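Colleague: Here's my sequence, what's the structure:
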Amino acid sequence: MLGCGLMLLFPSLDAVSAAPASVLPVIPAVQQWTRASGEFQLAGQSQLLISEAALVATAQTFAQDLFDLTGRIFPVVVGTDPKPGDILLEIGPTSFAQSTEAYSLAVGAAVRIIGSTDAGVFDGTRTLLQLLRQGSSVPAGTVQDWPLYPERGFMLDVGNKFFSLDFLRRQIREQAYLKMNYFHLHLTQDEGFRLESTSHPEVVSPEHYTKADIVELIKLATQYHVALVPEMDVPSHATAMLRNHPELQLPNHTDMLDLSQPGAYTLVQDLLREFLPLFPAAYWHTGGDEYLLDADYSLYPQYSAFARQLYGPTANGQDLYVGFINQIDEIVKQHGKRLRAWNDLHGVTTVVNKPNKDIVLELYSANIGAANALNQGFAIVNCSPVPLYYVLGVPSLRADPANLYENWLPNLQFVFGETVPPLSPGLLGGKLHVWADFPNAETPDQVQEGLFSSLRSFSQNSWGSPDPFPTYHEFSGLINSLGRVPGWTPDFGIIADSIVSLPPGGSRTIKALVKANSSFTGALSAMCSSNDSAISCSLSLGHFSLGPTVEQEVLITIGRSAASASSKVSLGLFLCVGLFFALLLVLSGERESFGKTLVLLVILVPLGCYTGCGHGPASVTVTMADGALSHSVTIDITQGR
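Modeller: Now for the predicted structure:
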């Protein structure tokens with residue numbers, strides 16, 4: 001039996017009832033959907049089957065999501081013969097082999113998800129999770145689905161505004177719910193350097209993430225097939241990094257590294273070699289934006305002098321800046337990763353150095369156009385501010401969800417409205433950004449609320465499937481129907497047997513499983529009580545802590561006193577004697593006395609049952625609470641031998 005506050009009832013499909021029959025109500029929409037007769041029903045005995053051990057992690061993640069949604073535990077077993085109500089996950093060929101995320105989903109009495117890779121299987125579970133979010137039954141049919149672009153990204157500026165680990169955990173799960181697979185963590189900015197460092201602890205801000213925090217986040221991101229990509233923004237926006245290194249500040253620019261100082265290179269290289277092994281993602285982001293304007297290099301003759309030492313007699317100050325980024329690129333490649341940078345690298349006039357062609361350019365400004373960058377052989381990402389920036393406190397930059405849904409695509413709305421052909425080679429996709437230039441303008445909750453619709457519009461068009469509705473107004477009904485990822489609100493559940501058989505004078509110990517959902521963290525107090533004085537109960541734990549997805553076993557010992565049996569024997573003896581006495585009165589002709597005896601029996605028998613039998617069926621109630629959040633489970637006690 002389950003006693004908890006998790007969502008046990010599925011929401012209605014009324015909000016999307018206007019969707020055409022040819023549309024499967026999920027975000028992003030699938031590429032192909034063919035309806036069939038019948039339906040799939042998720043039931044209490046449903047299991048998750050996997051065809052091979054490589055899918056264990058994805059299956060366990062999906063099982064946790066289903067627990068968050070339904071409050072039930074779904075076992076993961078190896079097998080390929082699903083029964084009605086089961087869900088089978090397997091790796092195999094799909095109809096769109098070009099994508100590692102392609103999958104098919106066949107819905108009947110059971111569900112079968114086949115992915116070209118583990119990532120494809122995971123995306124299939126997101127589609128099914130969204131369908132189950134709308135009801136416990138899913139219409140029968142077949143899905144063929146794949147993304148047109150490999151990256152559907154999100155960036156969070158934690159440098160200017162520190163966001164809690166809980167915020168980051170929710171964001172990882174939320175964007176995975178929408179098949180967004182790239183999380184760019186902007187770790188350093190003028191207001192803060194947010195990552196623990198042992199090589200240079202003097203650069204770290206008081207509010208920061210420990211390396212243990214990052215390891216935990218990476219583990220969660222890996223579970224949800226989200227690449228967690230860090231950015232250490234240099235050589236500009238380095239105020240926090242340089243606060244204790246004034247000797248490395250460019251004169252008149254406390255936010256910029258002085259690239260004529262060898263110590264600036266040493267500082268950055270030390271941090272890179274410390275941090276690069278921490279992140280398993282294939283990329284490292286160096287920022288590189290908003291350094292000196294092209295005309296300002298002449299103000300620093302030491303730049304030209306140092307550039308000539310490094311790169312030859314014709315080098316200029318701008319060569320120093322591009323050479324600095326290229327050096328970082330070489331270090332990043334030594335660690336098996338690829339460098340990314342904002343496109344400012346192309347905003348300066350150099351003589352010797354040109355940006356390395358393997359650097360991925362994130363296009364947010366007019367320093368180089370999308371077509372030009374692609375023609376030169378660069379990989380690019382659409383990061384155009386007007387459609388893709390959510391800036392705290394700036395109404396004109398809110399990543400308008402209507403525009404994202406109705407007008408934007410990864411190949412459209414680059415800076416100044418530039419477009420390139422869809423699926424251009426080298427176009428990786430798009431990225432939605434949260435910038436905290438005004439960190440106190442919004443609370444973290446306001447940020448997540450403000451992003452809610454924008455993320456969903458972005459998800460739809462960055463995936464590249466046909467829009468399910470012609471207008472954003474109609475699409476917003478689907479947005480509201482699908483809601484947040486299950487487990488968004490912290491909660492926990494208690495799972496235990498609902499009935500226990502217990503003989504007089506006996507006792508029994510049973511197990512209760514207390515399980516946290518994906519966002520719960522707290523310290524629980526536990527107690528038990530009985531509605532029958534003859535029934536006792538005790539718990540093996542009175543207090544314990546739970547973190548996200550953690551399970552805790554609690555033993556419940558229940559006892560029944562021997563007196564509960566003797567009281568019923570006494571009651572039975574009382575009834576027998578009373579009825580025998582009444583029969584003697586009838587036989588002797590004392591009808592008036594007989595009537596009085598019956599009245600006494602009518603009064604005394606219920607009274608005896610009340611005191612000897614209890615107030616109804618005996619039960620034990622186990623209650624667990626964390627502040628205002630409290631859940632209980634009731635266990636009925638039956639008479640045993």
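
Colleague: Now do the same contact list for Lys431.
Modeller: Taking Cβ atoms under 8 Å, 6 or more residues apart in numbering as the criterion, Lys431 is in contact with 151, 153-155, 182, 184, 362, 381-383, 388. The C-beta positions use only the backbone N, C-alpha and C, and glycine is treated the same way.

Colleague: and the nearest residue to it once chain neighbours are set aside, which of the three is it?
Modeller: Among residues not flanking Lys431 along the chain, Gly153 sits closest, at 3.4 Å (Cβ to Cβ, 6 or more residues apart in numbering). Taking DSSP: H, G, I helix; E, B strand; the rest coil as the rule, one finds Gly153 in the strand state.

Colleague: Run through the stretch 351-500 of the chain and note the low-pLDDT ranges.
Modeller: For the stretch 351-500 of the chain, no stretch is flagged by pLDDT under 70.

Colleague: Just the strands from it, written as ranges.
Modeller: If DSSP state E, counting those that start in this stretch is used as the criterion, the strands of the stretch 351-500 of the chain fall at 360-363, 380-382, 389-391, 427-435, 492-495, 499-502.

Colleague: among the ones you listed, which is the most enclosed?
Modeller: Across those, averaging neighbours per residue (mean count of other Cβ atoms under 10 Å) puts strand 380-382 on top, at a mean of 26.

Colleague: Now tabulate the contacts of Lys431 in a markdown table and tack on distance to Arg308.
Modeller: Formatted as a markdown table, those follow (distance: Cβ to Cβ, whole Å):
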| residue | distance to Arg308 |
| --- | --- |
| Glu151 | 39 |
| Gly153 | 39 |
| Phe154 | 42 |
| Met155 | 37 |
| Tyr182 | 40 |
| His184 | 36 |
| Glu362 | 31 |
| Val381 | 35 |
| Asn382 | 38 |
| Cys383 | 34 |
| Leu388 | 40 |
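
Colleague: Looking at those residues, which is nearest Ser507?
Modeller: For these, the minimum distance to Ser507 (Cβ to Cβ) is 54.5 Å, reached by Phe154.

Colleague: most centrally placed residue in this structure?
Modeller: The geometric centre of the chain, computed from its C-alpha atoms, lies nearest to Arg173 (Cα atoms, centre = their mean), at 1.4 Å.

Colleague: State the distance from it to Leu217.
Modeller: The gap separating Arg173 from Leu217 is 11 Å, by Cβ to Cβ, to the nearest Å.

Colleague: number of nearby residues for Ala399?
Modeller: Here the number of neighbours of Ala399 (other Cβ atoms under 10 Å) works out to 24.

Colleague: Next, give phi and psi for it.
Modeller: Here is the backbone geometry of Ala399 (degrees, to the nearest 10): phi 50, psi 60.

Colleague: Is it in contact with Arg456, as I believe?
Modeller: No: under the criterion of Cβ atoms under 8 Å, Ala399 is not in contact with Arg456, lying 11.1 Å apart.

Colleague: these two touch, right, the residue nearest to Lys431 and Tyr182?
Modeller: Yes: if you go by Cβ under 8 Å, Gly153 and Tyr182 touch, sitting 3.7 Å apart.

Colleague: who's more crowded, these two?
Modeller: Ranked by neighbour count (other Cβ under 10 Å), Gly153 and Tyr182 place Gly153 first, with 27 against 24.

Colleague: And the more buried one, how close does it get to Tyr364?
Modeller: Gly153 is 13 Å from Tyr364, by Cβ to Cβ.

Colleague: for Gly493, same thing?
Modeller: 44 Å.

Colleague: just Glu449 next, same as before
Modeller: 25 Å.

Colleague: With neighbour numbers in mind, choose between those two.
Modeller: Tyr364 (21 against 11).

Colleague: Might you report the residue contacts of the more buried one?
Modeller: Tyr364 neighbours (Cβ under 8 Å, 6+ apart): 289, 342-343, 383-385, 415.

Colleague: Would you mind splitting this structure into its domains for me?
Modeller: Residue ranges for the domains of the chain, per automatic domain parsing: 2-145, 151-464, 492-639.

Colleague: could those domains go into a markdown table alongside distance to His473?
Modeller: Converted to a markdown table, these look like this (distance: least, Cβ to Cβ, whole Å):
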| stretch | distance to His473 |
| --- | --- |
| domain 2-145 | 11 |
| domain 151-464 | 8 |
| domain 492-639 | 31 |
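
Colleague: Between those domains, which one is closest to Leu482.
Modeller: domain 2-145 (5.5 Å).

Colleague: Need the overlap of contacts for Gly153 and Tyr182.
Modeller: Common neighbours of Gly153 and Tyr182 (Cβ under 8 Å, 6+ apart) are 429, 431.

Colleague: quick one: which of the strands of the stretch 351-500 of the chain is nearest Leu546?
Modeller: Closest among the strands of the stretch 351-500 of the chain, using Cβ to Cβ: strand 492-495, at 6.2 Å.

Colleague: for the closest one, packing partners?
Modeller: strand 2-4, strand 507-516, strand 619-626, strand 629-639 (3 or more Cβ pairs under 8 Å, 6 or more residues apart in numbering; DSSP states H and E).

Colleague: will you turn those into a markdown table that also has distance to Asp190?
Modeller: Formatted as a markdown table, the helices and strands packed on strand 492-495 follow (distance: least, Cβ to Cβ, whole Å):
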| stretch | distance to Asp190 |
| --- | --- |
| strand 2-4 | 45 |
| strand 507-516 | 37 |
| strand 619-626 | 38 |
| strand 629-639 | 39 |
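
Colleague: Next, format those strands as TSV and append mean pLDDT.
Modeller: Output for these, formatted as TSV (pLDDT from 0 to 100):
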stretch	mean pLDDT
strand 2-4	43
strand 507-516	94
strand 619-626	95
strand 629-639	92
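
Colleague: As CSV, these with mean neighbour count and distance to Gln144 would be great.
Modeller: Formatted as CSV, the helices and strands packed on strand 492-495 follow (neighbours: other Cβ atoms under 10 Å; distance: least, Cβ to Cβ, whole Å):
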stretch, mean neighbour count, distance to Gln144
strand 2-4, 20, 36
strand 507-516, 18, 35
strand 619-626, 20, 44
strand 629-639, 17, 41
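
Colleague: For Thr125, which of those is the nearest?
Modeller: Closest among the helices and strands packed on strand 492-495, once you apply Cβ to Cβ, is strand 507-516, at 19.4 Å.

Colleague: right, and the helix or strand after the closest one?
Modeller: Next along the chain after strand 507-516, taking DSSP states H and E as the criterion, comes strand 522-530.

Colleague: So for that next one, what gets flagged as buried?
Modeller: 524, 526, 528, 530 (16 or more other Cβ atoms under 10 Å).

Colleague: tell me which element the nearest residue to the third one once chain neighbours are set aside is part of?
Modeller: If I follow you right, that is Cys528. Once flanking residues are discounted, Cys528 sits nearest to Cys537: 4.2 Å by Cβ to Cβ, 6+ apart. Per DSSP H and E: Cys537 is located in strand 535-539.

Colleague: Let me know the average pLDDT across the helix or strand following that strand.
Modeller: The helix or strand immediately downstream of strand 535-539 is strand 543-546, counting by DSSP H and E. Average pLDDT, strand 543-546: 96.
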